[in-house]
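**Student:** Need a 3D model of the following:
(chains A and B)
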Amino acid sequence: MATATSSGSLRTYLVTRLLLVIPMVWVLVTLVFFVMRVIGDPISSAFAGRLPPDQIKLRKHSAGLDRPILSQYWDYLRGVAHGDFGKALTDNQRISHVLVVKGAATLELTFWALLVALVVGIPLGRVAARYRDRLPDVGLRLFAVLAYAMPVFFLGLLLQLLFAIKLGWLPASGRATTNTELAIQNVSPKTNIYLIDSILYGNSSYVVDVLKHSVLPAITLGLLVAGIFLRLVRVNLLQTLRADYVEAARARGVPERRVVRAHAFRNALIPVVTVMGLQIAALLAGAVLTETTFEWQGIGYTLTLYLIRRDFVAVQGIVTAIALIVAIMSFLIDVVAAIVDPRVRY
Amino acid sequence: MSVALPEVEQTESQLEGRRSRIPGLAAMRATSGFQRGMLVAGALLVLFFVVIAVFAPAIAPYGFNADSARGVDFVPQQAPSAHHWFGTTVGGEDVLSRVVFGARTALEVIVLALLLSIVVGVPAGLISGYRSGWLDRVLVLVTDALFAFPPLLLAIIISVTLAGGQGTKTGGILSAAIAITVVYVPQYFRVVRNATVAAREEPYVEAARALGAPTRVVMLRYIFGNVVQTVPVIATLNAGDAILTLAGLDFLGFGIEPSSGAEWGYDLNKALSDTASGIWWTGTFPGVAIVLIVVGVTLVGESLNDVLNPLLRTFKLAQVVLPRRIVAGKDGS
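**Tutor:** Take a look at the predicted model:
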């Protein structure tokens, strides 16, 4: 560190960090591949009892599942490296196609949820730290505990009961009404992100419809993450407020409000960026549950469908993709953290 | 064993430390005001659910799967009433009974899962950290990969794999517990391993080794005690998380067989289709049960963490140790 120039050490850090992504994904892919094989082969589990034995044999052969497991594993790794995740057994869809279409839905959901989480979590965390152990802090800490303890599907159910059934303000489930969905199917370029598609289509009532459908799922998933952010910001701000330089600012007679705003708050956010990387996994797990609650047809919803059908090729592909997403996202967030905070580049 | 170290004169504070080994009590004493309130409230909530879980058959008015009593079928989808305090489900089961038995299922799975995670994670971390070498590297790589993956998805995959065919109650609970174990082992492993790596270089360990203590003794007597101290805190913090993971597993339909045990997450899934007709009681009660128990466990875990994490600790003025003469007039406690 002492000898390297700062840009050089940043580059070294990034390269090392990037190289670490590869073994991580490889371990997960390998694990999932072999764990899935333990249960038996996918075709028999998917079609046992529904197709005659010779048919199953034929299908196994055409899917290459009667070859030695190591050569299947090798082929699978090669496919994944080329972005080819294979075809689902039950509906014969290309997994990469499923990932693009459903992934867009999940992306849309997580985007809104993150927005809710940032807007709610960070300012509230700041308030809680500022008024430590006083009434706002007590209330907000209880809120954070509640946001954490509330299963996303229970919050979703309550919101549905209140806003969709009782008050009738918002739709209970789905990404859009059938009319809207049909209309925006033909938009080109089609992004599968309904908000963008409906804007491209140019009908404001469709845009409103899509937005209305997003409100409840976004709040449901967003509040879960907001609770995490609130706690993170609070704890980090409290630690920063103890730092010597903050104490020095206070000693110089800087008003407490300004101490929090100008001296402590920004520095307290740096660790939050890092820890946010760890929350990607929590966010995706929450998305699986939120999608099922609201019949939001994203990756998580699709994954559970394939799991119920015991379509292990599809499951394997989706899980691999999720592992990749998590690894790449946490890499990107580490990069941001390294750029923001020179102390990270050890 | 054969390694006898010179007896150090025990100071007041060490004796104090010895006395406060009783779990809970030490933590209680270190807290004050709001924090103590949180700890007590959390502990009471947890206790409440443990009692319900243990005495479930005595507390629940009916069986968790019963849709009739004394030959009379329950009317399905009844609103809460004197006969069915929490109403009935679409299948005619008593919601209160299902909530009560759900506590039992949750407790069984969580206790089993946490025990398994500790039994696997702690020794693995200890050995891996002390021995280092290729085994350590491989284990770190694998646990890192597991740790980064969405925990719920991991649990689902393991659960689906294990449950391939088993429908018995113990099988269901065991496979759910193992699924959750796989999620939490990496945490214990990492914490214990890192602590071990740090402790390995400490002078007292060096000294023990110099005196000829065999590896087993060094690991068990010198390192173990110093690296497991954070484990109870992680376990309490994980317990809440594990309950949520279990509920999520059951909500998605990959948990315990519905016929072998009542489960809150499963009931919430069934309740989703009830909401359209305005039926609120089938989902609300199991949901509130999950929230309450997780809040309880979290409050306990958070308070413990606040007390034990020096970065978060607020010092009470009374904790400042002054020379005897100055505090002579006061009670020393």
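**Student:** C-alpha from now on. contacts and neighbour counts both.
**Tutor:** Fine.
**Student:** so does stretch A:288-298 get close to chain B?
**Tutor:** Yes - for stretch A:288-298 and chain B, the contact criterion (Cα under 8 Å from any Cα of the partner chain) is met by A:Leu289, A:Thr292, A:Thr293.
**Student:** All the strands of the stretch 1-150 of chain B, residue numbers only.
**Tutor:** Along the stretch 1-150 of chain B, counting by DSSP state E, counting those that start in this stretch, strands occupy B:68-69, B:72-73.
**Student:** and the ones you listed, which one is worst for confidence?
**Tutor:** Mean pLDDT is lowest for strand B:68-69 among the strands of the stretch 1-150 of chain B, at a mean of 66.
**Student:** B:Val120 contacts B:Val185, correct?
**Tutor:** Yes - assessed by Cα atoms under 8 Å, B:Val120 is found in contact with B:Val185 at 6.8 Å.
**Student:** pLDDT score assigned to residue 123?
**Tutor:** Using chain A. 87.
**Student:** nope, chain B
**Tutor:** At B:Pro123, pLDDT is 89.
**Student:** where does chain A have low pLDDT?
**Tutor:** A:1-8, A:39-50, A:63-64, A:341-346 (pLDDT under 70).
**Student:** tell me which parts of it are close to chain B?
**Tutor:** A:23-25, A:27-28, A:35-36, A:38-39, A:133, A:145-146, A:149-151, A:153-154, A:157-158, A:160-161, A:165-166, A:235, A:238-239, A:278, A:281-282, A:284-285, A:289, A:292-293, A:304, A:307, A:323, A:326-327.
**Student:** Which members of those are classed as buried?
**Tutor:** Buried residues within the residues of chain A next to chain B, counting neighbours by 16 or more other Cα atoms under 10 Å in any protein chain shown: A:24-25, A:27-28, A:35-36, A:39, A:145-146, A:149-151, A:153-154, A:157-158, A:160-161, A:165, A:235, A:238, A:278, A:281-282, A:284-285, A:289, A:292-293, A:304, A:307, A:323, A:326-327.
**Student:** any idea how far the residue of the stretch 201-346 of chain A at minimum distance from chain B is from A:Asp91?
**Tutor:** In the stretch 201-346 of chain A, the residue that lies nearest chain B is A:Ala281 (4.3 Å; Cα to the nearest Cα). Using Cα to Cα, to the nearest Å, A:Ala281 is found at 28 Å from A:Asp91.
**Student:** what do you get for A:Gly121?
**Tutor:** Separation of A:Gly121 from A:Asp91 (Cα to Cα): 41 Å.
**Student:** At the geometric centre of chain B, which residue do we find?
**Tutor:** Chain B has B:Ala239 as the residue nearest its centroid, 2.4 Å off, counting by Cα atoms, centre = their mean.
**Student:** Which ones among the residues of chain A next to chain B lie within helices?
**Tutor:** Members of the residues of chain A next to chain B lying in helices (criterion: DSSP state H): A:23-25, A:27-28, A:35-36, A:38, A:145-146, A:149, A:153-154, A:157-158, A:235, A:238-239, A:278, A:281-282, A:284-285, A:289, A:292-293, A:304, A:307, A:323, A:326-327.
**Student:** For chain B, see how far away A:Arg99 is.
**Tutor:** I think there's a mix-up here, since residue A:99 is Leu and not Arg. 16 Å (Cα to the nearest Cα, to the nearest Å).
**Student:** again with A:Ala183
**Tutor:** Counting by Cα to the nearest Cα, the gap from A:Ala183 to chain B is 26 Å.
**Student:** and the residue of the stretch 101-250 of chain B found nearest chain A, how many residues sit next to it?
**Tutor:** Across the stretch 101-250 of chain B, the shortest distance to chain A (Cα to the nearest Cα) belongs to B:Pro150, at 4.3 Å. Applying other Cα atoms under 10 Å in any protein chain shown, we find 24 residues neighbouring B:Pro150.
**Student:** now it, nearest residue through space, not along the chain?
**Tutor:** A:Ala281 (4.3 Å; Cα to Cα, 6 or more residues apart in numbering or on different chains).
**Student:** check contacts around that neighbour.
**Tutor:** A:Val326, B:Ala148, B:Phe149, B:Pro150, B:Pro151 (Cα atoms under 8 Å, 6 or more residues apart in numbering or on different chains).
**Student:** picking that back up, hang on, isn't the residue of the stretch 101-250 of chain B closest to chain A packed against A:Leu284?
**Tutor:** Yes - B:Pro150 lies in contact with A:Leu284 (Cα under 8 Å); the separation is 6.5 Å.
**Student:** Show me whatever sits in contact with both of the two.
**Tutor:** Common neighbours of B:Pro150 and A:Leu284, counting by Cα under 8 Å, 6+ apart, are absent.
**Student:** and the residues of stretch A:288-298 next to chain B as JSON lines, adding distance to A:Leu140?
**Tutor:** Converted to JSON lines, these look like this (distance: Cα to Cα, whole Å):
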{"residue": "A:Leu289", "distance to A:Leu140": "25"}
{"residue": "A:Thr292", "distance to A:Leu140": "29"}
{"residue": "A:Thr293", "distance to A:Leu140": "26"}
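**Student:** tell me which of these is nearest to B:Arg200?
**Tutor:** A:Leu289 (42.8 Å; Cα to Cα).
**Student:** With A:Leu146 as the reference, measure out to the closest residue to the closest one other than its chain neighbours.
**Tutor:** Spatial nearest neighbour of A:Leu289, chain neighbours left out: A:Phe153 (6.2 Å); criterion: Cα to Cα, 6+ apart. Separation of A:Phe153 from A:Leu146 (Cα to Cα) stands at 14 Å.
**Student:** and what of B:Val217?
**Tutor:** 45 Å.
**Student:** before we move on, the earlier item: how about the residue nearest to A:Leu289, what does it touch?
**Tutor:** Taking Cα under 8 Å, 6+ apart, we find A:Phe153 in contact with A:Thr220, A:Leu289, A:Thr290, A:Thr293, B:Leu268.
**Student:** again, but for A:Phe154
**Tutor:** By Cα under 8 Å, 6+ apart, the neighbours of A:Phe154 are B:Leu268, B:Gly283, B:Thr284, B:Gly287.
**Student:** Tell me which two in those are the farthest apart.
**Tutor:** Greatest spatial distance in the contacts of A:Phe154: B:Leu268 and B:Thr284, 8.0 Å, computed using Cα to Cα.
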